[in-house]
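K.L.:
Fold the following, please.
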Amino acid sequence: MRPAILFGLLTGLAAAPAAATFDGASDRRAAPLVHALYAVGTLYKYGGDSPETGFDCSGLVTHVFKKAWGVALPRRAQEQKQVGRAVKLKELEAGDLVFYNTRNKPYSHVGIYLGDGRFIHAPRQGARVRIESVYNPYWKARFNGARRVDPPVI
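P.N.:
Numbers count the residues shown, from 1 in each chain. Okay, the predicted model is just below:
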């Protein structure tokens, strides 16, 4: 099932206008998405930061950006809210970090925006990494902001 999900999402990403013509820059921007999609279905594990042990939300983000760009992002969502630059919900681009206020704690949850109104995240104990809509009433009501992290200059 995971390969079929991955194929469908990658096909959709490849067809997106921003990715219609690939060059070095857009390939590098897409790299975190590929690594994130490979994590779909991985069990949630508090403090987890690998596919072998499971992921929590910020562990998924650190793993993805380390694998994609070799960049070590801060480990906690509270710290990740400081990286990159702020973007508004209507300005989201694939690869942006999206932050949510869960448990009455601002910036307590983070995911990676995939495009088309969808984000990937490790939701909670007993669940698996999954894709959801940023417009789902639960997530929309808890949206705290987003950050754009640019690939390192090579």
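K.L.:
the longest strand in the chain is where?
P.N.:
Identified as the longest strand of the chain according to DSSP state E is strand 105-115.
K.L.:
Give me the packing partners of that one, helices and strands only.
P.N.:
Helices and strands touching strand 105-115, by 3 or more CB pairs under 8 Å, 6 or more residues apart in numbering; DSSP states H and E, are helix 2-15, helix 24-38, helix 57-69, helix 77-80, strand 97-102, strand 118-121, strand 143-148. Glycine gets a C-beta too; all of them are placed from N, C-alpha and C.
K.L.:
quick check: angle from the second one to helix 57-69?
P.N.:
When you say that, I think you mean helix 24-38. 140 degrees (axes from the mean of the first three to the mean of the last three CA atoms, to 10 degrees).
K.L.:
Buried residues, helix 24-38. List them.
P.N.:
28-38 (16 or more other CB atoms under 10 Å).
K.L.:
what about this structure, any weak spots by pLDDT?
P.N.:
Within the chain, the segments meeting pLDDT under 70 span 1-26.
K.L.:
50 - rerun?
P.N.:
Counting by pLDDT under 50, the chain contains low-confidence residues at 1-7, 11, 13-23.
K.L.:
how close does the residue nearest the centre of it sit to N104?
P.N.:
The residue lying closest to the centre of the chain (CA atoms, centre = their mean) is I112, at 1.5 Å. Computed as CB to CB, to the nearest Å, the I112 to N104 distance reads 23 Å.
K.L.:
that older thread, what about the longest strand of the chain, distance to the chain center?
P.N.:
7 Å (CA atoms, centre = their mean, to the nearest Å).
K.L.:
got the CA positions of it in CSV?
P.N.:
Output of strand 105-115 as CSV, limited to C-alpha atoms (Å, rounded to 0.1, in the frame of the first residue of the first chain):
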residue,chain,number,x,y,z
LYS,A,105,-0.1,24.9,23.8
PRO,A,106,0.9,27.1,20.9
TYR,A,107,3.3,25.6,18.4
SER,A,108,3.0,22.2,20.0
HIS,A,109,2.5,20.3,16.8
VAL,A,110,4.3,20.5,13.4
GLY,A,111,3.8,19.0,10.0
ILE,A,112,5.1,19.4,6.5
TYR,A,113,2.9,21.0,3.8
LEU,A,114,2.7,18.8,0.7
GLY,A,115,0.7,21.2,-1.6
